[in-house]
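Enquirer: below is the sequence, then the predicted model.
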Amino acid sequence: MIERFTLEEAGYILYAEMLERLRERFPSIPEWRLDQIVTAEHDAITGGILQIVPSEVESGAIEMLEREQHEGLSDKGEVA
């Protein structure tokens, strides 16, 4: 059984909330630059590996894979 925990317990924060805090602290920095810096820092810490995603991503991926498997599209290299 999978143990459930909050994002905060796992050491994660919401991107939108973090960006808002950065905007308030650094109002003269354009938002595109804040996003660029956050992305670079994320990649430096994680190696660019996506470690957490919304649960709907898995549901959507399953739906797409089942469709591909049923229609035999995986050998053709087609993407949704």
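Expert: Good, I have the coordinates.
Enquirer: out of everything not next to it in sequence, what's closest to L22?
Expert: L34 (5.1 Å; Cβ to Cβ, 6 or more residues apart in numbering). Any C-beta I mention is one placed from the backbone N, CA and C, and that applies to glycine too.
Enquirer: oh, I was asking about G48
Expert: H42 (7.8 Å).
Enquirer: tell me the helices and strands packed up against the strand or helix carrying that neighbour.
Expert: Per DSSP states H and E, H42 falls inside helix 31-46. With contacts defined as 3 or more Cβ pairs under 8 Å, 6 or more residues apart in numbering; DSSP states H and E, helix 31-46 has these neighbours: helix 15-25.
Enquirer: who's in contact with the helix it packs on?
Expert: Contacts to helix 15-25, defined as Cβ atoms under 8 Å, 6 or more residues apart in numbering, come from residues I29, E31, L34, D35, V38.
Enquirer: got the buried residues for it?
Expert: Using 16 or more other Cβ atoms under 10 Å as the test for burial, helix 15-25 gives L22.
Enquirer: what's the spacing between R4 and S55?
Expert: R4 is 11 Å from S55, where distance means Cβ to Cβ, to the nearest Å.
Enquirer: chain center to the helix holding H42: distance?
Expert: Chain-centre distance of helix 31-46: 13 Å, with Cα atoms, centre = their mean, to the nearest Å.
Enquirer: give the rounded mean pLDDT of it.
Expert: Across helix 31-46, pLDDT averages out at 90.
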